[in-house]
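Asks: Kindly return the folded structure for what I paste below:
(one chain, ligands or ions: 1)
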Amino acid sequence: MTTTIIEPFKIKSVEPINFTTRGYREKAIKEAFYNLFLLKADDVLIDLLTDSGTAAMSSRQWAAMMDGDESYAGSRSFYKFEKVVKDLTGLSTVIPTHQGRAAEKILFTVLGGPGKVIPSNTHFDTTRANVEFSGATAVDLPVDSALKTDTRSDFKGNMDLDKLEDLIKRTGVANIPLCILTVTNNSVGGQPVSMKNIRATRALLNKYGIPLFLDACRFAENAFFIKLREPGYEDKTVRDIAREMFSYADGCTMSAKKDALVNIGGFLALNDEAVAEKARSLLIMTEGFPTYGGLAGRDLEAIAQGLIEVLDEDYLKYRIRSVEYFGDKLEKAGVPVLVPTGGHAVFLDAKRFLPDIPPHQYPGQAIAVEMYLEAGIRSVEIGSVMFGREKDGKFEEASLELVRLAIPRRVYTQSHIDFAAEAIIQVFKRRSKIPGYRITYEPPYLRHFTAHFEPLVKEAATVRL
Ligand SMILES: Cc1ncc(COP(=O)(O)O)c(C=O)c1O
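Replies: This next block holds a predicted model:
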């Protein structure tokens with residue numbers, strides 16, 4: 001019997017990638033102020049910046065796009081999309097948006113606001129930004145194991161229910177308009193949330209009458225982990241597991257750029273008609289008419305088809321195993337990775353990788369720059385650049401210093417991953433020579449996207465800035 005898990009597709013169309021020299025990359029990264037978001041994509045060889053919007057679409061998705069109905073109102077493509085989303089989520093109103101954060105912006109404009117508190121297992125950066133922009137407070141309540149990068153546990157994405165109940169009691173039900181569970185939990189390493197935890201969160205919120213929303217961008221990967229790891233789910237289909245996950249929710253936001261296998265799109269789905277009414281008014285102002293919401297009819301077609309394909313268990317088996325393969329390879333070479341590997345990315349633990357570089361000198365950013373210099377690999381820091389801040393003149397560090405190597409869906413082959421692993425192992429071997437960084441410019445919100453950095457002189461790396 002064969003045991004190798006292969007890509008469950010063959011390749012019909014290819015896109016060249018560009019090889020550059022180290023000298024070229026040194027100049028390119030300097031010109032990008034050592035911020036990998038500011039690089040030109042053509043200067044990147046293997047792009048692991050994000051799994052968002054970077055999927056390869058299938059021939060069926062491309063075919064469906066040709067069938068897109070571009071009518072301004074009442075498009076056939078909308079009804080197809082709406083039916084697929086309703087069948088999956090069981091939620092009664094579906095509002096398309098151009099991507100996940102647009103759904104978040106609308107949701108928190110309606111339900112957030114000053115004095116409100118939004119608990120989550122961990123807010124993603126755009127979710128947190130939209131909560132805070134509304135004047136509300138975003139509170140992360142992950143289980144303690146989420147913060148231990150070297151300890152294996154099946155559901156490190158879970159919500160800490162004791163902390164949640166404590167927060168509800170301290171804050172008062174009236175100030176908590178909803179609670180949001182991110183599945184999988186991106187910011188703690190793409191770790192799954194168990195069905196038991198979703199169910200228990202729901203039960204606790206029921207006690208207080210607080211609605212539960214899912215940030216569902218990676219719902220299929222989460223459902224597959226439940227099938228693999230949670231007793232009682234091994235014989236259920238991923239589709240049934242996903243439907244059960246959604247059955248506990250009053251609503252969801254979704255970035256279709258992840259598990260809907262498309263390059264753009266998202267939606268907000270919910271049961272509360274009064275909230276939906278307000279959301280649709282905002283949608284018309286900022287996104288578009290409710291039957292297209294910032295998307296073309298062809299985009300809605302691609303999402304509808306992607307949401308069906310992503311539940312294919314051969315695809316999910318390949319997806320989860322190929323990410324694990326990458327993590328295993330690094331771990332075997334001694335590179336500190338977050339274990340177990342999550343659904344969409346391998347996360348390097350920058351604190352263990354560069355123990356001499358303190359959080360305020362951004363060890364994750366230092367590793368990300370070095371991997372680009374080594375072999376043109378682009379990744380992203382998820383640590384104190386993204387979540388740290390200066391408060392009252394004091395530096396507040398992030399709870400984890402990670403570097404995320406996100407794997408675009410159906411894009412890279414095993415040899416791309418082997419190459420990337422080889423390059424990362426080289427960087428790890430010369431880690432003592434890697435300098436820390438300081439920020440020379442930052443905007444008021446979401447600074448990691450546009451901040452400028454400067455390497456510190458290595459000898460001065462322990463001096464507090
Ligand atoms: C967990 C999570 N929520 C929300 C978003 C925002 O989605 P989008 O990029 O489509 O706005 C992302 C994007 O990476 C995410 O990972």
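Asks: Those residues of the stretch 251-400 of the chain touching the ligand, which are they?
Replies: By the rule Cβ under 6 Å from any ligand atom, the part of the stretch 251-400 of the chain lying against the ligand is 255, 257, 266. Where you see a C-beta, it was placed from the backbone N, CA and C, and this is true even at glycine.
Asks: Report whether the expected contact of the first one with Gly100 is present.
Replies: Yes - between Ser255 and Gly100 there is a contact under Cβ atoms under 8 Å: 2.7 Å.
Asks: Now do the shared contacts for those two.
Replies: Common contacts of Ser255 and Gly100 (Cβ atoms under 8 Å, 6 or more residues apart in numbering): 217, 266.
Asks: In contact with the residue of the stretch 351-465 of the chain found nearest the ligand, which residues?
Replies: Ranked by Cβ to the nearest ligand atom, the top residue of the stretch 351-465 of the chain for proximity to the ligand is Ala406, at 8.6 Å. Neighbour list for Ala406: 48-52, 344-345, 379-380 [criterion: Cβ under 8 Å, 6+ apart].
Asks: is it in a bridge, and if so with what?
Replies: When assigned by DSSP bridges, Ala406 has beta-bridge partners Ala345.
Asks: from memory Val117 sits against Thr171, does it?
Replies: Yes - if you go by Cβ under 8 Å, Val117 and Thr171 touch, sitting 4.8 Å apart.
Asks: Which positions in the strand or helix carrying Arg319 come out as buried?
Replies: In this structure, Arg319 is located in helix 313-332 according to DSSP states H and E. Across helix 313-332, burial judged by 16 or more other Cβ atoms under 10 Å covers 315-320, 322-331.
Asks: Stretch 37-45 too?
Replies: 38-39, 43-45.
Asks: Tabulate those residues in CSV, adding columns for distance to the ligand.
Replies: Shown next, in CSV, are the buried residues of stretch 37-45 (distance: Cβ to the nearest ligand atom, whole Å):
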residue, distance to the ligand
Leu38, 18
Leu39, 18
Asp43, 22
Val44, 18
Leu45, 22
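Asks: Mind checking which of those residues are in helices?
Replies: Secondary structure from DSSP state H places none of the buried residues of stretch 37-45 in helices.
Asks: can I get those in a markdown table with pLDDT and distance to Ala216?
Replies: Putting these into a markdown table (pLDDT from 0 to 100; distance: Cβ to Cβ, whole Å) gives the following:
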| residue | pLDDT | distance to Ala216 |
| --- | --- | --- |
| Leu38 | 98 | 30 |
| Leu39 | 98 | 30 |
| Asp43 | 98 | 34 |
| Val44 | 98 | 29 |
| Leu45 | 98 | 32 |
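Asks: Now render those residues as CSV, adding distance to Ser75.
Replies: Putting the buried residues of stretch 37-45 into CSV (distance: Cβ to Cβ, whole Å) gives the following:
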residue, distance to Ser75
Leu38, 37
Leu39, 37
Asp43, 39
Val44, 36
Leu45, 39
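Asks: Poorly predicted segments of the stretch 301-450 of the chain, please.
Replies: Under the criterion pLDDT under 70, no range of the stretch 301-450 of the chain is flagged.
Asks: Quick one: the strands in it, in order.
Replies: Taking DSSP state E, counting those that start in this stretch, the strands of the stretch 301-450 of the chain run over residues 345-349, 377-378, 380-382, 389-391, 394-396, 402-406, 437-441.
Asks: separation between the residue of the stretch 351-465 of the chain closest to the ligand and Val262?
Replies: Ala406 sits at a distance of 16 Å from Val262 (criterion: Cβ to Cβ, to the nearest Å).
Asks: For Leu36, which non-adjacent residue is spatially closest?
Replies: With Cβ to Cβ, 6 or more residues apart in numbering as the measure, Arg378 is the residue that lies nearest to Leu36, at 5.1 Å, once sequence neighbours are left out.
Asks: Check Ala242 too.
Replies: The shortest distance from Ala242 to any non-neighbouring residue, by Cβ to Cβ, 6+ apart, is to Ala223 (4.2 Å).
Asks: what sits against the one you found?
Replies: Counting by Cβ under 8 Å, 6+ apart, Ala223 makes contact with 238-239, 241-242, 245, 311.
Asks: Now go through the residues you listed and say which are in helices.
Replies: Among the contacts of Ala223, the members falling in helices are 238-239, 241-242, 245 (criterion: DSSP H).
Asks: Put together JSON lines for the residues you listed, with neighbour count and pLDDT on each row.
Replies: Listed next are those as JSON lines, based on neighbours: other Cβ atoms under 10 Å; pLDDT from 0 to 100:
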{"residue": "Val238", "neighbour count": "24", "pLDDT": "98"}
{"residue": "Arg239", "neighbour count": "17", "pLDDT": "98"}
{"residue": "Ile241", "neighbour count": "21", "pLDDT": "98"}
{"residue": "Ala242", "neighbour count": "26", "pLDDT": "98"}
{"residue": "Met245", "neighbour count": "25", "pLDDT": "98"}
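Asks: how far away is the residue sitting nearest the centre point of the chain from the ligand?
Replies: Nearest to the mean C-alpha position of the chain, by Cα atoms, centre = their mean, lies Asn186 at 4.5 Å. Using Cβ to the nearest ligand atom, to the nearest Å, Asn186 is found at 4 Å from the ligand.
Asks: what's the pLDDT at that residue?
Replies: Asn186 is assigned 92 on the pLDDT scale.
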